[in-house]
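1. turn this into a structure:
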Amino acid sequence: MPYFSTRGESCVTASQAILCGIAPDGGLYVPAMFQAVPPERLTTLTEMSYQERAVVILKRFLEDYSLGEIEDAVNAAYSPERFRDPAVAPLKRLDTATWALELFHGPTLAFKDIALQLLPHLLRQAAEKNGEKREVCILVATSGDTGKAALEGFRDVPGTSCTVFYPLDGVSDVQKLQMVTTGGENTRVIAVRGNFDDAQTGVKELFGSEEFREAMAQKGKVLSSANSINLGRLVPQVVYYFSAYAELLNQHVLAAGDPVNFCVPTGNFGDILAGYYARSMGLPVNKLICASNRNNVLTDFFNSGIYSTHRTFFKTISPSMDILVSSNLERLLYEAADRDGALIKTWMSQLKECGSYSVGDQRREWMSDVFWGDCADNKDTLLEISKRWEQDHYLFDPHTAVAGHVLREYRKNTGDDTPTVIVATASPYKFAADVLSALTGEEREADPFTASEKLESLTGIPMPQQVRELRNLPVRHKAECDRDKMGRAVLDAFGG
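-> Modelled structure (predicted):
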């Protein structure tokens with residue numbers, strides 16, 4: 001199955017899309033079609049492990065990979081050594097109509113592990129398939145979780161290197177420590193003096209710079225991306241939507257074919273887009289509820305059809321969602337525009353040059369049949385953490401709490417009582433100070449390790465070993481750069 005650029009000027013195989021990361025015209029790769037999962041196949045998923053479910057779904061996207069290659073990659077990525085829970089993505093019941101899909105049992109305690117433990121294996125296979133002998137240089141912009149997950153996924157993988165850019169003051173203490181203490185001979189971490197959008201735009205510009213590509217080629221390196229713009233990041237996320245549905249069937253909550261809603265906290269739109277792809281393959285999804293924090297550009301877009309970055313950027317307690325330019329939305333726009341690459345190119349040019357574009361009422365209504373958007377500020381988020389703990393003895397991190405609040409608003413506004421899965425994206429211990437403050441009503445504890453110890457004592461929920469060991473790990477990465485010096489910083493990291 002071929003993959004097309006959303007901007008209409010490129011057609012490649014799955015392995016080529018994964019190897020390149022982003023299309024030469026600046027677009028994102030999308031499948032030529034969505035291969036359906038028949039209703040009877042949904043039922044058979046109930047009898048499978050997460051790894052087996054992954055193979056069933058991934059083979060519909062990765063047609064130039066052999067079944068054996070996919071199985072090898074999946075089994076290496078989702079091994080017991082990598083994921084603490086044998087279910088990989090367990091589904092926990094919160095109340096009579098709500099479940100949490102826990103995606104934080106991997107090595108970095110965030111949902112990005114689901115894709116970024118698999119991507120290095122797919123990328124290595126892609127390089128072999130396409131005769132690429134140069135080192136694959138991964139460039140990543142992170143709003144908090146992607147960076148560490150990419151570093152762990154690619155650490156010491158032969159034939160690769162991984163360079164991560166993060167906003168200097170835009171991630172949590174634990175997120176920063178996780179990144180700057182990373183080992184490995186092929187990892188580099190650079191702080192950008194700016195916000196996530198600065199880092200993300202800078203990485204995109206490096207991919208589009210012929211001069212930078214040539215400079216890296218002279219060093220024997222070819223660029224690729226581990227951000228969710230890479231197809232290899234997106235398709236593994238589709239799996240856990242099918243897996244969650246299979247678990248609901250196993251719990252006898254649903255009969256095959258019954259609808260389900262998913263409420264997803266998202267900033268860059270990749271996580272919820274994977275849900276749309278699952279729906280396009282036949283998963284009975286009624287509504288995809290898009291939960292934003294105070295940076296509510298997606299909420300306004302779904303309500304108005306106008307995407308505008310002419311707004312204040314807020315630093316919130318859910319930093320991984322502090323984003324104004326949601327890159328993966330381009331893939332949904334491609335479907336809304338009847339796959340008109342020229343129109344997508346126009347909208348993206350308007351966004352770059354004017355900071356906004358409008359899709360019109362007809363396309364907005366088309367999207368509203370599937371998507372519903374709302375947002376939560378810091379106060380709403382803290383209240384939701386407290387409320388969910390009191391009502392259900394379940395501990396949300398600040399990102400998942402945004403989704404919890406938005407789901408309450410959705411039900412209040414629509415009366416829709418369809419069983420709903422909240423996509424739980426991170427361990428609360430990655431944001432222990434804010435979670436603790438929400439539960440106690442006291443001022444935020446400045447030291448993240450003291451906060452973690454207090455949270456463990458208060459709730460009885462064990463602190464993950466990954467957090468416990470951070471206190472004594474040495475800081476290995478101290479580089480910083482300005483937004484317009486990112487290319488120079490990469491070249492310097494590789495010896496000038």
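2. and the longest helix along the chain, what's buried?
-> Determined from DSSP state H, the single longest helix within the chain is helix 231-250. Judged by neighbour count using 16 or more other CB atoms under 10 Å, the buried positions of helix 231-250 are 231-249. From N, CA and C alone the C-beta is placed, and that goes for glycine too.
3. next up, the contacts around His477.
-> When contacts are counted by CB atoms under 8 Å, 6 or more residues apart in numbering, His477 touches 179-182, 187-190.
4. if you set the cut-off to 6 Å instead, what comes out?
-> 180, 189 (CB atoms under 6 Å, 6 or more residues apart in numbering).
5. which secondary structure elements does the longest helix of the chain sit against?
-> In this structure, helix 231-250 makes packing contacts with helix 14-20, helix 50-58, helix 112-116, helix 270-280, judged by 3 or more CB pairs under 6 Å, 6 or more residues apart in numbering; DSSP states H and E.
6. and the contacts of the first one?
-> Spelled out, it's helix 14-20. Contacts of helix 14-20 (CB under 6 Å, 6+ apart): 3, 29, 62, 64, 122-123, 126, 129-130, 231-232.
7. and which of those is nearest to Ala217?
-> Asn130 (15.5 Å; CB to CB).
8. number of nearby residues for that closest one?
-> 15 (other CB atoms under 10 Å).
9. how far away is it from Ile138?
-> 16 Å (CB to CB, to the nearest Å).
10. low-confidence stretches in the protein?
-> Scanning the chain for pLDDT under 70 picks out the ranges 496.
11. once you drop chain neighbours, what's closest to Gly220?
-> Arg134 (5.2 Å; CB to CB, 6 or more residues apart in numbering).
12. tell me which residues touch that neighbour, please.
-> 220-222.
13. filter the residues you listed down to the buried ones and hand me the PyMOL line.
-> Burial among these is assessed by 16+ other CB under 10 Å; the matching PyMOL selection reads:
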select buried, resi 221+222
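14. which of the contacts of Arg134 fall in helices?
-> Using DSSP H, none of the contacts of Arg134 sit in helices.
15. count of residues packed around Arg93?
-> 14.
16. that one reaches Ala100, doesn't it?
-> No: in this structure, Arg93 is not within contact of Ala100 by CB atoms under 6 Å, at 8.1 Å.
17. quickly list what's touching both of those two.
-> Joint contacts of Arg93 and Ala100 (CB under 6 Å, 6+ apart) do not exist.
18. so Ser209 versus Met216, what's the distance?
-> Counting by CB to CB - Ser209 and Met216 are separated by 10 Å.
19. kindly report the same for Cys137.
-> Applying CB to CB to Cys137 and Met216 gives a distance of 6 Å.
20. again with Met33
-> Met33 is 34 Å from Met216, by CB to CB.
21. looking at these two, which has the bigger crowd around it?
-> Higher neighbour count among Met33 and Met216: Met216, with 22 against 11, using other CB under 10 Å.
22. contact partners for the more buried one?
-> Contacts of Met216 by CB under 6 Å, 6+ apart: none found.
23. let's verify it: helix, strand, or coil?
-> helix (DSSP: H, G, I helix; E, B strand; the rest coil).
24. where does Cys162 land in three-state SS?
-> Look at Cys162: counting by three-state DSSP, its state is strand.
25. excluding chain neighbours, what is closest to it?
-> Phe154 (3.9 Å).
26. could you do Thr13 as well?
-> In this structure, Thr13 finds its nearest non-sequential neighbour in Asp64, 4.6 Å apart by CB to CB, 6+ apart.
27. ok, that neighbour to Ala479 distance?
-> 37 Å.
28. swap in Pro398?
-> Per CB to CB, Pro398 is found 28 Å from Ala479.
29. between the two, who's got more neighbours?
-> Ranked by neighbour count (other CB under 10 Å), Pro398 and Ala479 place Pro398 first, with 29 against 14.
30. hang on, the earlier thing: wait, isn't the residue nearest to Cys162 in contact with Pro120?
-> Yes: applying CB under 6 Å, one finds Phe154 in contact with Pro120, separated by 5.1 Å.
31. which stretches of the stretch 251-400 of the chain form strands?
-> 260-265, 285-292, 306-308, 356-358, 371-375 (DSSP state E, counting those that start in this stretch).
32. let's have the ones you listed in a markdown table, adding distance to Asp447.
-> Below are the strands of the stretch 251-400 of the chain laid out as a markdown table (distance: least, CB to CB, whole Å):
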| stretch | distance to Asp447 |
| --- | --- |
| strand 260-265 | 26 |
| strand 285-292 | 29 |
| strand 306-308 | 39 |
| strand 356-358 | 42 |
| strand 371-375 | 30 |
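33. most tightly packed of these?
-> strand 260-265 (a mean of 27; mean count of other CB atoms under 10 Å).
34. give me the contacts around it.
-> The contact list for strand 260-265, computed with CB under 6 Å, 6+ apart, reads 271-272, 275, 286-289, 291, 399, 402-403, 407, 418-423, 425.
35. try 7 Å
-> If you take CB atoms under 7 Å, 6 or more residues apart in numbering as the criterion, strand 260-265 is touched by 241, 245, 248, 254, 271-272, 275, 284-291, 321, 399-400, 402-403, 406-407, 418-423, 425.
36. nearest residue to Val88 in space, ignoring adjacent ones along the chain?
-> Among residues not flanking Val88 along the chain, Tyr50 sits closest, at 4.0 Å (CB to CB, 6+ apart).
37. which ones are touching that neighbour?
-> 78, 87-89, 243.
38. mind running it again at 8 Å?
-> Per CB under 8 Å, 6+ apart, neighbours of Tyr50: 78, 87-89, 239, 243.
39. ok, so of those, who is nearest Lys387?
-> Among the contacts of Tyr50, Ala89 lies closest to Lys387 (CB to CB), at 24.5 Å.
40. from Glu102, how far out is that closest one?
-> Counting by CB to CB, the gap from Ala89 to Glu102 is 6 Å.
41. cool, Leu45 as well?
-> 18 Å.
42. spit out the residues that contact Cys137 and Met216 alike.
-> By CB under 8 Å, 6+ apart, the residues touching both Cys137 and Met216 are 222-223, 490, 494.
43. off-centre distance for the helix or strand encompassing Ile422?
-> Using DSSP states H and E, Ile422 maps to strand 420-424. Averaging C-alpha positions (CA atoms, centre = their mean, to the nearest Å) puts strand 420-424 14 Å from its chain's average.
44. list the buried residues for that strand?
-> Buried residues in strand 420-424, counted by 16+ other CB under 10 Å: 420-424.
45. and of those residues, the nearest to Gly68?
-> The shortest approach to Gly68 among the buried residues of strand 420-424 belongs to Val423, at 30.7 Å (CB to CB).
46. wait, doesn't that closest one sit right on Ala403?
-> Yes: with contact defined as CB atoms under 8 Å, Val423 reaches Ala403; the gap is 6.7 Å.
47. contacts made by stretch 104-114 with the rest, please.
-> Contacts of stretch 104-114 (CB under 8 Å, 6+ apart): 82-85, 88-90, 103, 117, 144-146, 148-150, 152-153, 178, 236-237, 239-240, 271, 320, 397, 423-427, 429-430, 464, 466-467.
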